[in-house]
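>>> what shape does this take:
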Amino acid sequence: MRDCRGIETTSLKRNTVDALRLVATSACIEGQALRLREVATRPAFDWGEVLLSAIRHRMLPALGRLVEEASGREFVPLHLFHFLQLERHFSRTRVRQLNERAAELAELLDARRIPYAFTKGLVLVNEPFVRYGEEREMNDLDVTIAPEHAKHAVKALMDLGYVEGVAKIVGGRPTIRGESPLLKIVYRFAPDHLPHFSKIRSDGEGGRATTVDVSLSMTWANGGGSVPVSSYLDGRRLGVDGKSVRVLALDIQFMWIALHCFRHGWLMNLKDFVRDVTLSRFQDILLYWSGCDREDILTPRFRSLLDSPSVRLPVLWTCHFVDELFGSTIVDELGYGRPAHEFIYSGSFDNARTTTPWHGSMWGRLEASDRSKLFDMNQRTPFSLFAEAAGN
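Numbers count the residues shown, from 1 in each chain. So this is what the prediction gives:
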């Protein structure tokens with residue numbers, strides 16, 4: 001199986017790859033519902049493989065929406081059709097719940113004059129130009145705070161009933177579990193994030209858990225550079241749950257989601273593939289780029305930030321794979337070519353301060369049942385080459 005640029009991709013059936021690509025691009029390309037109908041009625045189309053892939057890449061609600069647009073009752077097994085529509089309902093309900101929690105938190109932060117900005121999921125599901133935003137899966141709230149206001153932000157969260165820890169479902173009910181001792185050490189010595197804070201609200205609909213992920217930097221500790229967020233927290237206001245919350249300006253928001261996609265795909269612990277990239281992370285970049293006017297993203301400030309190798313390389317890495325997966329031309333529109341060192345597109349940073357190469361295409365990596373087998377632990381490169389390559 002090859003992708004839109006002829007690159008060898010994955011062992012997935014062509015029908016499944018075609019269906020996933022149609023779902024991922026349906027919010028920015030007209031007519032994908034009719035194309036899905038054609039793909040789904042091909043001989044040997046495997047709904048089981050498509051559903052497993054959609055679950056893996058957090059795209060079930062988007063698949064359900066496209067199936068309904070394509071009059072899916074006529075060609076989708078009825079039990080699968082109802083399952084997908086239930087997933088859509090759950091996704092929209094979850095988005096509404098998190099919107100309520102975001103508006104509540106924003107009101108308190110505004111009242112206490114604590115600079116902040118919501119990022120990532122909350123922005124993508126509420127931006128007017130992102131079609132079908134409510135079909136995007138959301139698990140938590142992402143907010144960024146300047147480091148000098150971190151203690152005040154923690155106090156605000158605790159006053160709203162949040163406690164340190166991550167919300168989990170145990171025995172069918174939400175509960176909050178504290179961070180592991182190892183992760184607490186990581187937060188202490190790599191302070192680009194605060195520990196997670198969560199709370200469970202009980203009402204007539206049962207317990208509902210909310211986790212807040214607070215970042216203190218646009219980049220990450222030990223990543224070759226740092227971009228403070230303090231200068232970018234006065235971006236704009238966005239309507240959420242009938243109220244307005246503070247979010248990043250369009251150019252900084254695009255850069256933010258590109259950097260964090262890179263973080264999951266390049267700066268990773270090779271023993272933990274749970275948080276590796278998913279197709280939906282690349283889809284976020286595509287939808288944001290497709291929905292924004294170019295002049296709102298390609299600002300002088302954006303260009304200036306790209307002058308920094310520690311920002312430029314991660315953004316180009318992410319946009320390169322968006323182009324490879326979906327046939328877009330973001331890298332060309334940004335005006336940059338590929339870096340001279342090809343290992344950048346087939347490597348991953350591990351905890352030993354080295355770059356470990358992985359083999360195959362991004363499609364193959366996204367669908368590999370055991371991603372650790374894609375990485376060559378015998379060909380590690382010192383991490384200093386990352387900074388060297390970034391300068392090219």
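>>> now the end-to-end length of stretch 229-241.
Stretch 229-241 has an end-to-end distance of 25 Å (criterion: C-alpha to C-alpha, to the nearest Å).
>>> can you list the buried residues in that stretch?
Buried residues in stretch 229-241, counted by 16 or more other C-beta atoms under 10 Å: V229, Y232, L233, L238, V240, D241. (Glycine included, C-beta is placed from N, CA and C.)
>>> and stretch 144-160, by the same measure?
Buried, per 16+ other C-beta under 10 Å, within stretch 144-160: T144, I145, A146, H149, A150, H152, A153, V154, A156, L157, L160.
>>> which of the buried residues of stretch 229-241 sits closest to G121?
V240 (11.6 Å; C-beta to C-beta).
>>> bridged to that closest one, which residues?
Residues in a beta bridge with V240, per DSSP bridges, are K243.
>>> and the spatially most central residue of the chain, how far is that from R94?
For the chain, R281 is the residue whose C-alpha lies nearest the centre (C-alpha atoms, centre = their mean; 3.8 Å). Going from R281 to R94 by C-beta to C-beta, to the nearest Å gives 18 Å.
>>> re the thing from before, element containing the residue nearest to the residue nearest to the centre of the chain when sequence neighbours are not counted?
Leaving out its chain neighbours, the residue that sits closest to R281 by C-beta to C-beta, 6 or more residues apart in numbering is C261, at 4.5 Å. Per DSSP states H and E: C261 is located in helix 250-265.
>>> would you put the C-alpha positions of that helix in PDB?
The C-alpha coordinates for helix 250-265 follow below in PDB (Å, rounded to 0.1, in the frame of the first residue of the first chain):
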ATOM      1  CA  LEU A 250      -4.400  32.200  15.200                       C
ATOM      2  CA  ASP A 251      -0.700  32.100  14.300                       C
ATOM      3  CA  ILE A 252       0.400  31.100  17.700                       C
ATOM      4  CA  GLN A 253      -2.400  28.500  18.000                       C
ATOM      5  CA  PHE A 254      -1.300  26.800  14.800                       C
ATOM      6  CA  MET A 255       2.300  26.700  15.900                       C
ATOM      7  CA  TRP A 256       1.200  25.300  19.300                       C
ATOM      8  CA  ILE A 257      -0.700  22.300  17.800                       C
ATOM      9  CA  ALA A 258       2.100  21.700  15.400                       C
ATOM     10  CA  LEU A 259       4.700  21.700  18.200                       C
ATOM     11  CA  HIS A 260       2.700  19.400  20.400                       C
ATOM     12  CA  CYS A 261       2.100  16.900  17.500                       C
ATOM     13  CA  PHE A 262       5.900  16.800  17.100                       C
ATOM     14  CA  ARG A 263       6.300  16.300  20.800                       C
ATOM     15  CA  HIS A 264       4.200  13.200  20.700                       C
ATOM     16  CA  GLY A 265       5.900  11.800  17.600                       C
END
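>>> what's the following helix or strand after that helix?
Sequence-wise, the next helix or strand downstream of helix 250-265 (DSSP H and E) is helix 279-291.
>>> residue contacts, I169?
I169 makes contact with T175, A209, according to C-beta atoms under 8 Å, 6 or more residues apart in numbering.
>>> which neighbouring elements make contact with the helix holding C261?
Where contact means 3 or more C-beta pairs under 8 Å, 6 or more residues apart in numbering; DSSP states H and E, helix 250-265 is packed against strand 116-119, helix 279-291, helix 294-297, helix 300-306, helix 309-326.
>>> Q32 is nearest to which of those?
helix 309-326 (11.8 Å).
>>> just checking, next helix/strand downstream of the closest one?
Following helix 309-326 in sequence, per DSSP H and E, is helix 330-334.
>>> what number of residues lie near G48?
9 (other C-beta atoms under 10 Å).
>>> any idea which element it lies in?
helix 47-56.
>>> report the buried residues of that helix.
Across helix 47-56, burial judged by 16+ other C-beta under 10 Å covers E49, V50, L51, S53, A54, R56.
>>> cool, stretch 301-316 as well?
Quick answer for stretch 301-316 (16+ other C-beta under 10 Å): F302, L305, L306, P309, S310, V311, R312, L313, P314, V315, L316.
>>> report the contact partners of G291.
Counted by C-beta under 8 Å, 6+ apart, G291 has contacts C28, E127, F129, V130, R131.
>>> buried ones among these?
Buried subset of those (neighbour count, 16+ other C-beta under 10 Å): C28, E127, V130.
>>> just put these in TSV and tack on pLDDT, secondary structure and distance to A70.
Shown next, in TSV, are the buried ones among the contacts of G291 (pLDDT from 0 to 100; DSSP: H, G, I helix; E, B strand; the rest coil; distance: C-beta to C-beta, whole Å):
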residue	pLDDT	secondary structure	distance to A70
C28	86	coil	17
E127	89	coil	25
V130	79	coil	21
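>>> just those residues now: which is nearest L109?
L109 lies nearest to E127 out of the buried ones among the contacts of G291, by C-beta to C-beta, at 20.4 Å.
>>> who does the longest helix along the chain touch, helix- and strand-wise?
Longest helix in the chain, counting residues (DSSP state H): helix 78-111. Packing partners of helix 78-111 (3+ C-beta pairs under 8 Å, 6+ apart): helix 60-69, strand 116-119, helix 121-126, strand 141-145, helix 150-159, strand 206-215, strand 236-240, strand 243-247.
>>> what's the offset of that helix from the middle of its chain?
Offset of helix 78-111 from its chain centre (C-alpha atoms, centre = their mean, to the nearest Å): 17 Å.
>>> kindly report the same for stretch 137-149.
Here stretch 137-149 is found 13 Å from its chain centre; the criterion is C-alpha atoms, centre = their mean.
>>> how about stretch 150-161?
25 Å.
>>> average pLDDT across that stretch?
What stretch 150-161 shows for mean pLDDT is 95.
>>> try stretch 197-214
Mean pLDDT, stretch 197-214: 76.
>>> cool, stretch 371-382 as well?
Averaging pLDDT along stretch 371-382 yields 71.
>>> equivalent analysis for stretch 109-126, please.
94.
>>> between the two ends of it, what distance do you get?
Here the two ends of stretch 109-126 are set 20 Å apart, with distance taken as C-alpha to C-alpha.
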